[in-house]
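Peer 1: Dropping a prediction and its sequence here:
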Amino acid sequence: MEKTWKRTGLTMVMKDENGTTRHSFSNAVQAPAEADIEAFGEILGTLTGKKFDSAVITTADDVVTSPAK
């Protein structure tokens, strides 16, 4: 079985006293580093006035399997 990376999505979860909001981004890099995600969360926090809580990374791969013999 062969996997080929197609795309990565990133959802940033932000919180404040009014609740939770999610900001979704498409076409992120293949494997974002934890430090980069945290830094991006800090930037979003500065822009939104909310605190970075967590991130959800979603990847899509093409999977090719050999035909059954």
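Peer 2: That came through fine. What you see is a predicted model, and the numbers here were worked out from it, not measured in a lab.

Peer 1: name the element the most centrally placed residue in the chain belongs to?
Peer 2: For the chain, the residue nearest the mean C-alpha position is residue 10 (2.0 Å; Cα atoms, centre = their mean). Using DSSP states H and E, the element containing residue 10 is strand 2-16.

Peer 1: The helix or strand that that strand is followed by - contacts with which helices or strands?
Peer 2: Sequence order places strand 19-25 as the next helix or strand after strand 2-16, per DSSP H and E. On a contact count with 3 or more Cβ pairs under 8 Å, 6 or more residues apart in numbering; DSSP states H and E, strand 19-25 meets strand 2-16, helix 34-48. Every residue, glycine included, has its C-beta placed from N, CA and C.

Peer 1: so how far is the last one from its chain's centroid?
Peer 2: By that I understand helix 34-48. In terms of Cα atoms, centre = their mean, to the nearest Å, the gap separating the centre of helix 34-48 from the centre of its chain is 12 Å.

Peer 1: Just checking: what are the partner strands of the helix or strand just after it?
Peer 2: Per DSSP H and E, helix 34-48 leads on to strand 51-64 as the next helix or strand towards the C-terminus. Its sheet considered, strand 51-64 pairs with strand 2-16 (antiparallel) by DSSP bridges.

Peer 1: Could you give me the buried positions within the partner strand?
Peer 2: 8, 10, 12-14 (16 or more other Cβ atoms under 10 Å).

Peer 1: would you list those in a markdown table and tack on pLDDT?
Peer 2: Shown next, in a markdown table, are those (pLDDT from 0 to 100):
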| residue | pLDDT |
| --- | --- |
| 8 | 96 |
| 10 | 96 |
| 12 | 97 |
| 13 | 97 |
| 14 | 97 |
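
Peer 1: can those residues go into CSV with extra columns for distance to residue 49?
Peer 2: Supplementary listing: those in CSV, determined by distance: Cβ to Cβ, whole Å:
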residue, distance to residue 49
8, 27
10, 20
12, 14
13, 15
14, 9
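
Peer 1: circling back: next, the contact list for the residue nearest to the centre of the chain, please.
Peer 2: Contact analysis of residue 10 by Cβ atoms under 8 Å, 6 or more residues apart in numbering lists 24-25, 28, 32, 37, 40, 55-58.
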